[in-house]
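Asks: After the sequence you'll find the predicted model.
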There are 2 protein chains.
Amino acid sequence: MKIGIVGGTGDIGEGMCRRLSSRYEIVLGSRDAEKAITTSECTVEFLKKYGLKSCCYGVSNQEAVNAGDIVILAVPFKHLESTLSGLSGFEGKIVVSPVNPMEKRDFFTIVPPPEGSAALLVKKLLPGARVVTAFNTIAANRWKDLDVEIDVAVPVCSDDADAKSVIMDLVNGTSMLKAYDAGPLAVSAMIESLTPLLLNIARYNKMHDVGIKFV
Amino acid sequence: MKIGIVGGTGDIGEGMCRRLSSRYEIVLGSRDAEKAITTSECTVEFLKKYGLKSCCYGVSNQEAVNAGDIVILAVPFKHLESTLSGLSGFEGKIVVSPVNPMEKRDFFTIVPPPEGSAALLVKKLLPGARVVTAFNTIAANRWKDLDVEIDVAVPVCSDDADAKSVIMDLVNGTSMLKAYDAGPLAVSAMIESLTPLLLNIARYNKMHDVGIKFV
């Protein structure tokens, strides 16, 4: 199973590549393919320190879409629409949105698009894609630091039951993440609200990279 | 410190009374004061089984507002505005909103009022009240079952720092609840979104009375 990462040279994309590329073939995309090649080479070197073999290579965002059975959109919300408008070929692919439409004002707040959530916007922009919301609340630092397992809950939602199941398996096979079925894609509005809440919790309680568990 | 509970004969109000009335004086309000008296008497009897002395008495909702230093609004969102429109005397009091504006459609979803959240609506309806969001995600069954401690996180937000501090102390002194400062009252929109998400998590994962922890 090949996983394409659009925006793979950002903090989240690079961190996901570190965690996933020892078990899956990762096709790391970027607007700048050269940068993606550098990031993939660095990831291979980084994983060597842990005695792990990393299978990843850097390409353009479009090539990452083309190659991936699963395509993860590791882009900030503000660049989501412009990034997707320049890409094609998502039909039939499982497209994962970890995107949170949020802003930092005096505090962190959710600012959803008219569609209701980033994932619902993705579904509108990419007809035929099998859109799944997942990985929204995991901070880049947690993805990147292989010395510490990520032991948090990951709510997953989608209107495509098979795609949701594939992504829940991916979640459950990654570090100590635990996937929870959160229902249909419209629940993404509530999942995406978690991240600004967690950023506020971190800020006002002097914590770092706060995650959630369901108990 | 006296705590008034508006809507104290509902499941949440009665459950909160069970947990709080062994440590605080609870003034349990209802539209029907007779019903509140019955609930308070039952609570006293119930706590006796646990060797606990319950200090609570049943009154009208207005009398609960009048008597409370803190007033908890234990009413469903659909009755919030009509309930508050019939009450007065909130000025200067700490008013706690555990209210979640949500609906059950095919799934549970947040349906915020134009103000952005139930707590922001309360602030508009009750000028002069010191509004605090807290206790949103705790299921009635968890409040009621004194055999099991409630070991979950409670995000608390308010624009009144002193009121927030009082309620965080109240949270931290109740069962094994742990209060987290979530920032200003506007963050209530994200806190209130948690409850329908948790109800979806419970439903789609065959869980019961799901709570959260921040890790």
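Replies: Noted; the coordinates are in hand. Residues are numbered from 1 along each chain as shown, chains lettered A, B, ... in the order given.
Asks: give the contact list for residue A:37.
Replies: A:57, A:58, A:59 (CB atoms under 8 Å, 6 or more residues apart in numbering or on different chains). C-beta coordinates here come from the backbone N, C-alpha and C atoms, glycine included.
Asks: Up against chain B, what does chain A have?
Replies: Applying CB under 8 Å from any CB of the partner chain, we find that chain A lies next to chain B at A:106-107, A:109-110, A:151-152, A:155, A:180-184, A:186-187, A:189-191, A:193-194, A:196-198, A:200-201, A:203-205, A:207, A:210-215.
Asks: Just the ones of those in strands?
Replies: Counted as lying in strands by DSSP state E, out of these, are A:109, A:110, A:155, A:180, A:181, A:182, A:183, A:212, A:213, A:214.
Asks: close enough to count as contact, the last one and residue A:182?
Replies: In other words, residue A:214. No. With contact defined as CB atoms under 8 Å, residue A:214 does not count as touching residue A:182 (10.0 Å).
Asks: out of the two, which sits in the busier spot?
Replies: residue A:182 (28 against 20; other CB atoms under 10 Å in any protein chain shown).
Asks: Give the full set of residues in contact with that one.
Replies: Contacts for residue A:182 (CB under 8 Å, 6+ apart) come out as A:133, A:155, A:156, A:157, A:190, A:191, B:197, B:200, B:201, B:204.
Asks: thinking again about what came up before, mind listing the shared neighbours of residue A:214 and residue A:182?
Replies: residue B:201.
Asks: Can you tell me how far residue A:54 is from residue A:48?
Replies: 8 Å (CB to CB, to the nearest Å).
Asks: So for those two, which residue has more residues nearby?
Replies: residue A:54 (22 against 11).
Asks: Look up how far residue A:10 lies from the more buried one.
Replies: Residue A:54 is 18 Å from residue A:10, where distance means CB to CB.
Asks: cool, and residue A:86?
Replies: Counting by CB to CB - residue A:86 and residue A:10 are separated by 16 Å.
Asks: out of those two, which sits in the busier spot?
Replies: Using other CB under 10 Å, the more surrounded residue of residue A:86 and residue A:10 is residue A:10, with 18 against 9.
Asks: Please give the three-state secondary structure assignment for the closest residue to residue A:53 other than its chain neighbours.
Replies: In this structure, residue A:53 finds its nearest non-sequential neighbour in residue A:22, 6.5 Å apart by CB to CB, 6 or more residues apart in numbering or on different chains. Classification of residue A:22 using DSSP: H, G, I helix; E, B strand; the rest coil returns coil.
Asks: close enough to count as contact, residue A:22 and residue A:54?
Replies: Yes. Taking CB under 8 Å as the definition, residue A:22 is a contact partner of residue A:54 at 5.9 Å.
Asks: picking that back up, tell me the buried residues within the residues of chain A next to chain B.
Replies: Neighbour counting with 16 or more other CB atoms under 10 Å in any protein chain shown marks A:107, A:109-110, A:152, A:155, A:180-184, A:186-187, A:189-191, A:193-194, A:196-198, A:200-201, A:203-204, A:210-214 as buried within the residues of chain A next to chain B.
Asks: what's the nearest residue to residue A:151 if we skip its chain neighbours?
Replies: That would be residue A:176: by CB to CB, 6+ apart, it lies 4.1 Å from residue A:151.
Asks: That neighbour in helix, strand or coil?
Replies: Following three-state DSSP, we place residue A:176 in the coil state.
Asks: How confident was the prediction at it?
Replies: Looking at residue A:176, its pLDDT reads 98.
Asks: quick one: it and chain B, what's the gap?
Replies: From residue A:176 across to chain B, the span is 11 Å (CB to the nearest CB, to the nearest Å).
Asks: what sits against residue A:32?
Replies: residue A:9.
Asks: For chain A, just list every one of the strands.
Replies: So, for chain A - with DSSP E - the strands run A:2-6, A:25-30, A:56-60, A:70-73, A:94-97, A:102-104, A:108-110, A:130-133, A:153-158, A:178-183, A:212-214.
Asks: strands paired with the third one, and their directions?
Replies: To tie it back to what came earlier, the one meant is strand A:56-60. Using DSSP bridges, the strands paired with strand A:56-60 are strand A:25-30 (parallel).
Asks: And the fifth one, by the same measure?
Replies: Sheet partners assigned to strand A:94-97 using DSSP bridges are listed as strand A:70-73 (parallel), strand A:130-133 (parallel).
Asks: Surely residue A:138 and residue A:152 touch.
Replies: Yes. Using CB under 8 Å, residue A:138 makes contact with residue A:152 at a distance of 6.8 Å.
Asks: Overlap in contacts, those two.
Replies: Common contacts of residue A:138 and residue A:152 (CB under 8 Å, 6+ apart): A:177, A:211.
Asks: State whether residue A:59 and residue A:29 are indeed in contact, as I suppose.
Replies: Yes. Using CB under 8 Å, residue A:59 makes contact with residue A:29 at a distance of 5.6 Å.
Asks: Give me the common contacts of the two.
Replies: Contacts common to residue A:59 and residue A:29, judged by CB under 8 Å, 6+ apart, are residue A:36.
Asks: Among the two, which residue is more densely surrounded?
Replies: Counted by other CB under 10 Å, residue A:59 and residue A:29 do not tie: residue A:29 has more neighbours, with 31 against 21.
Asks: so what's that one closest to, chain neighbours aside?
Replies: residue A:64 (2.8 Å).
Asks: and the one you found, what does it touch?
Replies: With CB under 8 Å, 6+ apart, residue A:64 has these contacts: A:4, A:5, A:6, A:8, A:27, A:28, A:29, A:36, A:71.
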